[in-house]
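Peer 1: sequence and predicted structure below; questions after.
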Amino acid sequence: MTIIRTVEELNALYGGTSEASLVKVTNRLTSDYASMIEASPFAALATVGPEGLDCSPRGDDACVVRIADEKTVLMPDWRGNNRVDSLANIVRDPRVALMFLVPGSNTAMRINGTAVVSVDPELTGSFEVDGKHPRSVIVVTIGEVYFQCARALIRSQLWNPERFIDPNSLPTPGTLLKAAKADFDKETYDREWPERAAKTMW
């Protein structure tokens, strides 16, 4: 196996970068970048901590973040599995990266920056849904923002319904858990999960 070991070797292999790839990067939200992000109900949140890296899916009923100003976005931490991997990373290392997807669009948005975890009652309360609010809000300060080349989403045909996988052909969550723990009760988990999720969405 031939392995690239230096940045110089990478640059020699891949060559130069186009002007568009460089000028698209801004240090704050433009009005058009804000419009793209406001159309996104889903983002992947990447963090780093002493134990390593974490990438967590984040979703909401509308925009997955709230734009506070041109340098700040707010992400409510809605109900999950209580592992708090992302939050534990942020409180020890503030570096974060976000990738936003807009259903039907091949343009993904990227934010790199730093974050803090806020439990300010007024802030958490401002995200109230059905009488419930997140226990914390991730406050992201933008270092750079840009859009991603569309080739990956085009190649994957991510939004093509003819390419959608039948969920019934895939292992259930209970099956996945049983593979990790042989005596796990997958039947009970799979039977109870839909109702439990519906009751604990917020």
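Peer 2: Nice, I can see it.

Peer 1: contacts and neighbour counts: CA atoms only from here.
Peer 2: OK.

Peer 1: for this protein, which helix or strand comes out least confident on mean pLDDT?
Peer 2: Lowest mean confidence among the helices and strands of the chain (mean pLDDT, DSSP states H and E): helix 19-23, at a mean of 89.

Peer 1: state which helix of the protein is the longest.
Peer 2: For the chain, the longest helix by residue count, based on DSSP state H, is helix 186-199.

Peer 1: buried residues, it. List them.
Peer 2: Buried residues in helix 186-199, counted by 16 or more other CA atoms under 10 Å: Lys186, Tyr189.

Peer 1: average pLDDT for that helix?
Peer 2: Model confidence over helix 186-199 averages 94 on the pLDDT scale.

Peer 1: then it to CSV, C-alphas only?
Peer 2: The C-alpha coordinates for helix 186-199 follow below in CSV (Å, rounded to 0.1, in the frame of the first residue of the first chain):
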residue,chain,number,x,y,z
LYS,A,186,-34.6,-7.1,21.0
GLU,A,187,-38.2,-8.1,20.5
THR,A,188,-39.4,-5.9,23.5
TYR,A,189,-37.1,-3.0,22.5
ASP,A,190,-38.4,-3.0,18.9
ARG,A,191,-42.0,-3.3,20.0
GLU,A,192,-41.9,-0.5,22.5
TRP,A,193,-39.6,1.9,20.6
PRO,A,194,-42.1,3.6,18.3
GLU,A,195,-44.4,4.6,21.2
ARG,A,196,-41.5,5.6,23.4
ALA,A,197,-40.0,7.8,20.7
ALA,A,198,-43.3,9.5,20.0
LYS,A,199,-43.7,10.4,23.7
